[in-house]
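Visitor: with the input below, show me the fold.
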Amino acid sequence: MVELTWSIILMISSMQDHLQLANTFGALFIGVILVAILFGVQVFIYFQTHSGTGISFYKLVVIWLW
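Guide: Now for the predicted structure:
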């Protein structure tokens, strides 16, 4: 049982040597920026289409999330 545990630990440590996330941070950054822009557009459209309804709970939630 001890040998199995050590083999799992060695396997995980060797996987960490080969796993390089530095190459994917640019794609992650672009995705986050794109999602933020699209969410902003969605919020803008929501407030333009529901401008005459007054302040409701849903509008406050949208403002809080934005």
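Visitor: CA only for contacts and neighbour counts going forward, please
Guide: Will do.
Visitor: residue 55: how many residues sit nearby?
Guide: As a burial measure, residue 55 scores 10 neighbours (other C-alpha atoms under 10 Å).
Visitor: how about residue 40?
Guide: 13.
Visitor: okay, now the unreliable bits of this protein?
Guide: Regions of the chain meeting the criterion pLDDT under 70 cover residues 1-21, 66.
Visitor: what segments of the chain are helices?
Guide: Per DSSP state H, the chain carries helices over the ranges 2-18, 25-49, 57-65.
Visitor: and residue 36, how many neighbours?
Guide: Residue 36: 13 neighbours (other C-alpha under 10 Å).
Visitor: likewise residue 59?
Guide: 17.
Visitor: mind listing what it touches?
Guide: Applying C-alpha atoms under 8 Å, 6 or more residues apart in numbering to residue 59 gives no contacts.
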